[in-house]
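Asks: pasting a predicted model and its sequence here:
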Amino acid sequence: MDPAAVVVVLAHLVLLGIGIRLIAVDIATHRLPDRIVLPTLGGALLLALADAVFAGGGARLLGALWGMLILGGFYALLRALSREGMGGGDVKLGALIGLVLGWHGWQALLVGAASAFVLGAAHALWLIALRRATGSTHLAFGPWMIVGSALGVAAA
């Protein structure tokens, strides 16, 4: 395996570990801490830039930046439209996920973003059917964003 591929695999393993940690924190506290999300976003940006410089991944860097702007912007719009539903941590995590998925390509971005909402809605409907939640119950969305992003990477 060439060194660039090793770095990509290692980066994804680190992201998986961070994702698992964020899932646990969000389920327990309904928070996605800046002290975890923002350094991860910065590190992912540096890795995408290094890929562009050292491995000729200029197109992937552009896709990553567009993904970050599109998905982060979409979540920011949702937050602005509904202050009660979407938190600031979701917006920042959306930017991180958009960066990673955009680096993998448009298909990964679409699959990852859409599956987060499908999985989150299915979970909410299941809880409502079991009478363990109502339409106004606050549920952590970060776990579904992370699982959706994993599905997006797998689809790529």
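Replies: Everything's here; your move. Residues are numbered from 1 along each chain as shown.
Asks: so L101 is in contact with L151, correct?
Replies: No - L101 is beyond contact range of L151, at 10.0 Å (criterion: Cβ atoms under 8 Å). All C-beta spots, glycine's among them, are computed from the backbone N, C-alpha and C.
Asks: what sits in contact with each of these two?
Replies: Taking Cβ atoms under 8 Å, 6 or more residues apart in numbering as the criterion, L101 and L151 both touch G112.
Asks: ok, those two, which is more surrounded?
Replies: Shown here are L101 and L151; by other Cβ atoms under 10 Å, L101 has more neighbours (30 against 19).
Asks: return the residues in contact with that one.
Replies: So L101 contacts 67, 71, 108-109, 112-113, 149, 152-153, 156 (Cβ under 8 Å, 6+ apart).
Asks: need the pLDDT of it.
Replies: Per-residue confidence at L101 stands at 98 (pLDDT).
Asks: downstream of the helix or strand in which I20 is found, the next helix or strand is which one?
Replies: Element membership for I20, per DSSP states H and E: helix 3-29. Next helix or strand after helix 3-29 toward the C-terminus (DSSP H and E): helix 34-55.
Asks: how much space between the spatially most central residue of the chain and V37?
Replies: Centroid-nearest residue in the chain: I97, 2.9 Å away (criterion: Cα atoms, centre = their mean). Plainly put, I97 is 10 Å away from V37 if you go by Cβ to Cβ, to the nearest Å.
Asks: buried residues in stretch 17-28?
Replies: Neighbour counts over stretch 17-28 (16 or more other Cβ atoms under 10 Å) mark 18-19, 22-23, 25-26 as buried.
Asks: right, I mislabeled it, should have said stretch 132-143
Replies: For stretch 132-143, by 16+ other Cβ under 10 Å, it's 133, 140-143.
Asks: of these, which belong to helices?
Replies: 142-143 (DSSP state H).
Asks: farthest pair in the buried residues of stretch 132-143?
Replies: Distances among the buried residues of stretch 132-143 were taken as Cβ to Cβ; the most separated pair is A133 and G142, at 16.8 Å.
Asks: which one of the buried residues of stretch 132-143 sits closest to G89?
Replies: The closest of these to G89 turns out to be G142 (Cβ to Cβ; 6.8 Å).
Asks: list the contacts of the closest one.
Replies: Contacts of G142 (Cβ under 8 Å, 6+ apart): 22-23, 26, 32, 89-90, 93.
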